[in-house]
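Pasting a predicted model and its sequence here:
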Amino acid sequence: MSSAAEQEAVAAQRAAEDGRPAVLVDGARRGAPLPAVPVRPGAPVPLGARFHTGPDGVAGTNFALWAGGAEAVDLCLFDDRGRETRVRLTELTHEIWHGFVPGVMPGQRYGYRVHGRWDPWTGARWNPAKLLLDPYARAVDGEFGLPPEVYGHVRDWPDQSVADTVRDERDSAPYVPKGVVVHDDDDWSDDRRPKTPWADSVIYELHVRGFTKLHPGVPEELRGTYAGLAHPAAIEHLVGLGVTAVELLPVHQFAHEDHLLRRGLRNYWGYNSIGYFAPHAGYAASGTTGQQVGEFKRMVRALHAAGIEVVLDVVYNHTAEAGEYGPTLSLKGIDNRRYYRLQSDARRYADYTGCGNTLHVVQPHVLRLITDSLRYWVTEMGVDGFRFDLAAALARSMHDVDMLSPFLAVIAQDPVLRRVKLIAEPWDIGSGGYQVGAFPPLWTEWNDRYRDAVRDFWRHALPDVREMGYRLSGSSDLYAWGGRRPYASVNFITAHDGFTLRDLVSYERKHNEANGENNRDGTDDNRSWNCGTEGETDDEGIRALRRRQLRNLLTTLLLSTGVPMLVAGDELGRTQRGNNNAYCQDNEVGWVDWSLLDDPGWRALCDLTARLIALRHRHPVLRRRAFFSGRPQAADGLRDLAWFTPRGTEMTEGDWFAPAATLGMYLSGRDIPGRDERGEQILDDSFLIVLHAGERPVSFVLPGPPWAESYEVVVDTAREEQAGPPDVTHPAGSAITVPERTVLLLRAG
């Protein structure tokens with residue numbers, strides 16, 4: 001450990017290099033001797049802070065930090081009053097600074113100060129005045145505010161064009177959260193993962209806080225937390241719907257952006273990660289000095305016990321440190337040049353994410369950080385898969401998106417990660433970033449072409465019906481290559497980003513004024529139809545039409561081939577009041593409103609959703625594991641998939657290239673490829689799905705043999721209530737009247 005005099009000398013040298021006066025902050029007063037803390041060499045692996053008992057029976061914590069270009073690293077320990085003790089780590093192995101500190105127990109708060117050159121023009125931004133979060137910290141205590149002290153540069157420098165080049169010497173420690181030493185001793189031996197096959201999956205995207213914040217069945221002190229999601233009242237709704245997986249909006253520790261804090265808002269969605277191993281402390285009911293880890297694990301166990309998988313939405317493409325004018329919280333101060341992609345002018349950041357920076361995943365230590373994090377969440381936190389935000393940014397090699405990139409190659413061969421659910425958001429904002437259909441086998445993708453086609457069909461805006469045919473049948477034009485299957489397509493109509501389902505049929509324009517950005521944020525390409533009036537209305541005719549459109553959209557989604565994804569609250573008619581970018585609305589706008597279930601109309605919508613999911617689970621023809629061939633499978637000419645016009649005739653090539661409001665889709669349960677778990681042929685009922693988006697009723701002739709002798713109506717979205725007397729049966733060849741804007745599901749007999 002260096003003396004105070006040596007530290008003064010180092011600070012003076014830094015100041016001389018930068019042309020500014022020396023300021024040294026040591027947690028006590030300037031120049032005071034640091035308390036003596038025993039430190040042993042320890043080990044360079046694993047990275048992070050690991051509590052254990054050594055072979056001599058001494059308990060303590062091993063600290064290991066990769067900081068390749070650093071000149072020195074100080075471990076900073078904080079007591080309950082925030083007083084800091086620094087420990088110089090002198091052991092350096094393969095660019096990893098490490099040391100074992102006896103007596104450091106779980107619950108200890110800590111951070112790092114990393115010494116090195118300050119030369120932003122070459123990308124070097126070391127600043128030991130800034131306390132840095134350990135990238136491998138498994139728990140974080142405290143919230144990130146963004147006062148001037150947390151910036152590595154002088155934020156209010158008179159010449160703002162070069163402000164990021166002037167080093168700020170103020171101590172950031174009082175203003176930033178600290179990592180927490182956590183003892184991991186859970187072997188998950190009592191947990192049973194559901195391991196739901198992809199083809200059988202139904203995904204439910206939810207926000208940990210927003211899902212239970214208003215739930216009347218969850219105790220008030222647990223609402224908005226991991227414990228709240230684990231509560232029986234919350235799980236009861238998920239089980240009642242029949243979903244097989246929850247996809248949680250980001251739960252990695254994240255920070256709130258400065259521009260939001262200045263407007264009195266907060267980052268609600270959490271796409272601003274800063275700690276890839278730490279469950280976000282703000283969602284913990286039990287405490288933030290390590291208790292959040294156990295609470296998260298108990299939530300996962302409770303969901304698993306109910307047969308529900310846990311998928312995390314993860315943001316490895318960028319961090320909360322933003323660009324050159326952003327704060328210095330962790331990676332920027334550890335080794336800015338190697339953690340982030342920089343432009344040829346190394347002072348600037350390459351930004352493929354729209355968030356100011358992009359992680360340099362080609363660098364081995366960055367790739368290691370991401371894969372270590374992923375494995376940790378699978379093996380030690382129990383999760384079942386991941387949805388990768390802006391996954392194309394992770395798949396870039398030096399510049400271009402490359403499906404043979406190091407990231408994708410490592411995932412493909414990793415014995416842990418290749419076995420979990422992997423979902424790509426297959427785009428970023430950079431050149432060539434739109435990659436829908438391009439990710440390799442093992443991966444599924446959010447299919448925005450499905451979203452757009454279904455929205456356009458139900459607002460009667462498709463120029464022809466080819467696109468709708470592909471999307472309903474599994475998007476073979478996108479995914480029938482390289483051994484991929486229909487379940488490579490994650491079908492969705494709404495997601496957290498954009499209108500809710502109810503707003504999709506209630507608004508044609510975004511109404512984001514509450515975000516404080518003069519309604520400039522959020523997309524203008526909503527493909528929505530307000531049914532004649534913008535926003536909420538007392539007109540019962542319009543309200544009934546909107547509810548019917550919701551039934552049409554949900555029915556289309558849950559009868560399509562592929563993996564359906566619902567957004568929490570859409571089955572209840574949740575509204576964001578026309579806000580299509582509610583990322584900063586941590587309030588009733590963003591939360592699920594459970595009082596909607598008291599309305600018979602919204603209750604009926606929820607019941608229909610559950611009924612459709614149950615139908616999907618019951619009928620393998622609705623969740624095929626292989627693409628349709630469209631070819632006759634027997635002498636009678638029956639095919640696994642056929643398309644019909646309202647005349648009862650099969651569609652011709654000319655029909656596909658013409659606008660159409662009505663489409664008939666026949667699914668044969670006799671020709672399902674594959675075998676069941678006993679090795680027997682899979683047989684199911686056959687169905688005819690009639691989708692009619694026209695504004696007037698249409699006469700539809702039901703196809704005769706070999707397709708069917710008769711048809712039984714199973715679902716009719718023209719009906720508000722689906723339960724009731726036995727459904728109607730029609731003889732094949734007869735003409736039925738399909739009401740305006742209706743989906744019919746008919747069982748072929």
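Perfect, I can see it now.

Contacts for stretch 281-291 next, please.
Residues from elsewhere that reach stretch 281-291 (Cβ atoms under 8 Å, 6 or more residues apart in numbering): 106-107, 109, 138-143, 177, 180-183, 208-209, 221-222, 224-228, 251, 253, 292, 294-296. Just so you know, the C-beta spots here come from the backbone N, C-alpha and C atoms, and that holds for glycine as well.

try 6 Å
106-107, 139-141, 180, 182, 208-209, 222, 225-227, 292, 295 (Cβ atoms under 6 Å, 6 or more residues apart in numbering).

What mean pLDDT does that stretch get?
Averaged across stretch 281-291, pLDDT comes to 97.

which of the residues in it are buried?
Neighbour-count burial for stretch 281-291, with 16 or more other Cβ atoms under 10 Å as criterion, is recorded at 281, 282, 283, 284, 285, 286, 288, 289, 290, 291.

gap between the third one and residue 191?
I take that to be residue 283. Note on residue 283: its distance to residue 191, by Cβ to Cβ, to the nearest Å, is 20 Å.

Need the buried ones from the contacts of stretch 281-291 selected in PyMOL.
Entered in PyMOL, the line below selects the buried ones among the contacts of stretch 281-291, by 16+ other Cβ under 10 Å:
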select buried, resi 106+107+139+140+141+180+182+208+209+222+225+226+227+292+295
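
Just flag the most distant two among the contacts of stretch 281-291.
106 and 209 (26.1 Å; Cβ to Cβ).

in what helix or strand does residue 541 lie?
Here residue 541 is covered by helix 540-559, with elements defined by DSSP states H and E.

Just the C-alphas of that helix, formatted as PDB.
Output in PDB follows, covering the C-alpha atoms of helix 540-559 (Å, rounded to 0.1, in the frame of the first residue of the first chain):
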ATOM      1  CA  GLU A 540     -71.100   2.700 -27.200                       C
ATOM      2  CA  GLY A 541     -70.900   1.700 -30.900                       C
ATOM      3  CA  ILE A 542     -67.300   2.700 -31.200                       C
ATOM      4  CA  ARG A 543     -66.500   1.100 -27.900                       C
ATOM      5  CA  ALA A 544     -68.100  -2.200 -29.000                       C
ATOM      6  CA  LEU A 545     -66.200  -2.000 -32.300                       C
ATOM      7  CA  ARG A 546     -62.900  -1.500 -30.500                       C
ATOM      8  CA  ARG A 547     -63.500  -4.500 -28.200                       C
ATOM      9  CA  ARG A 548     -64.300  -6.600 -31.300                       C
ATOM     10  CA  GLN A 549     -61.000  -5.500 -32.900                       C
ATOM     11  CA  LEU A 550     -59.100  -6.500 -29.800                       C
ATOM     12  CA  ARG A 551     -60.700  -9.900 -30.000                       C
ATOM     13  CA  ASN A 552     -59.700 -10.100 -33.700                       C
ATOM     14  CA  LEU A 553     -56.100  -9.200 -33.000                       C
ATOM     15  CA  LEU A 554     -55.700 -11.500 -30.000                       C
ATOM     16  CA  THR A 555     -57.400 -14.400 -31.900                       C
ATOM     17  CA  THR A 556     -55.200 -13.900 -34.900                       C
ATOM     18  CA  LEU A 557     -52.100 -13.900 -32.700                       C
ATOM     19  CA  LEU A 558     -52.900 -17.000 -30.800                       C
ATOM     20  CA  LEU A 559     -54.000 -19.000 -33.800                       C
END
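
Spatially nearest residue to residue 294, not counting backbone neighbours?
Leaving aside its sequence neighbours, residue 294 sits nearest to residue 286 (Cβ to Cβ, 6 or more residues apart in numbering; 7.2 Å).

and that neighbour, that's in a strand?
No. The assignment for residue 286, made by DSSP: H, G, I helix; E, B strand; the rest coil, is coil rather than a strand.

That one and residue 405: what is the separation?
Counting by Cβ to Cβ, the gap from residue 286 to residue 405 is 40 Å.

Any idea how many residues pack against the nearest residue to residue 434 once chain neighbours are set aside?
Computed as Cβ to Cβ, 6+ apart, the closest residue to residue 434 that is not its neighbour in sequence is residue 427, at 4.7 Å. The number of residues packed near residue 427 is 20, by other Cβ atoms under 10 Å.

so what's residue 427 up against?
Counting by Cβ under 6 Å, 6+ apart, residue 427 touches 392, 433, 434.

how close does it sit to residue 354?
11 Å.

same question, residue 104
40 Å.

of those two, who's got more company?
When neighbours are counted by other Cβ under 10 Å, residue 104 comes out ahead of the other of residue 104 and residue 354, with 22 against 13.

The more buried one touches residue 61, doesn't it?
Yes. In this structure residue 104 lies within contact range of residue 61 using Cβ atoms under 6 Å: 4.0 Å.

can you map out the helices along the stretch 501-650 of the chain?
Listed in chain order, the helices found in the stretch 501-650 of the chain under DSSP state H, counting those that start in this stretch are 501-504, 540-559, 600-618.

Now tell me what touches the shortest one from outside.
Which is helix 501-504. Under Cβ under 6 Å, 6+ apart, the answer for helix 501-504 is 494, 528, 550, 570, 573, 575, 576, 578.

Need these in CSV (columns: pLDDT and distance to residue 80).
Below are the contacts of helix 501-504 laid out as CSV (pLDDT from 0 to 100; distance: Cβ to Cβ, whole Å):
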residue, pLDDT, distance to residue 80
494, 98, 46
528, 98, 52
550, 98, 52
570, 98, 45
573, 98, 48
575, 98, 45
576, 98, 41
578, 98, 47
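
Among these, the buried ones, what's the PyMOL command?
Applying 16+ other Cβ under 10 Å to the contacts of helix 501-504, the buried members can be selected in PyMOL as follows:
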select buried, resi 494+528+550+570+573+575+576+578
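
Among the contacts of helix 501-504, which one lies nearest to residue 742?
Checking the contacts of helix 501-504 one by one against residue 742 (Cβ to Cβ), the nearest turns out to be residue 550, at 12.8 Å.

Look up how far residue 458 lies from the closest one.
Remark: distance between residue 550 and residue 458 (Cβ to Cβ) = 10 Å.

repeat for residue 369
From residue 369 across to residue 458, the span is 43 Å (Cβ to Cβ).

These two: which has the busier surroundings?
In this view residue 369 and residue 458 are compared by other Cβ under 10 Å, and residue 458 has more residues nearby, 25 against 22.

Assign the most centrally placed residue in the chain to helix, strand or coil.
Nearest to the mean C-alpha position of the chain, counting by Cα atoms, centre = their mean, stands residue 313 at 2.4 Å. Three-state call for residue 313 (three-state DSSP): strand.

what residues are up against it?
Neighbouring residues of residue 313 by Cβ under 6 Å, 6+ apart: 249, 250, 387.

Can you report how many residues lie near the nearest residue to the first one once chain neighbours are set aside?
The shortest distance from residue 249 to any residue other than its chain neighbours is 4.6 Å, reached at residue 207 (Cβ to Cβ, 6+ apart). A count of neighbours around residue 207, defined by other Cβ under 10 Å, yields 28.

Model confidence at residue 207, what's the number?
Residue 207 is assigned a pLDDT of 98 by the prediction.

Residue 251 is in contact with that one, correct?
No. Applying Cβ under 6 Å, one finds residue 207 not in contact with residue 251, separated by 9.6 Å.

and after the lowest-mean-pLDDT helix or strand in the chain, which helix or strand comes next?
Taking mean pLDDT, DSSP states H and E as the measure, the chain has helix 4-18 as its least confident helix or strand, at a mean of 38. Reading on from helix 4-18 to the C-terminus, the next helix or strand found by DSSP H and E is strand 48-53.

which helices and strands sit right next to that next one?
Contacts defined by 3 or more Cβ pairs under 6 Å, 6 or more residues apart in numbering; DSSP states H and E place strand 48-53 against strand 59-66.

Pull out the buried residues from the strand it packs on.
In strand 59-66, counting by 16+ other Cβ under 10 Å, buried: 60, 61, 62, 63, 64, 65, 66.

by how many degrees do that strand and strand 48-53 diverge?
Going by axes from the mean of the first three to the mean of the last three Cα atoms, to 10 degrees, strand 59-66 is angled at 160 degrees with respect to strand 48-53.
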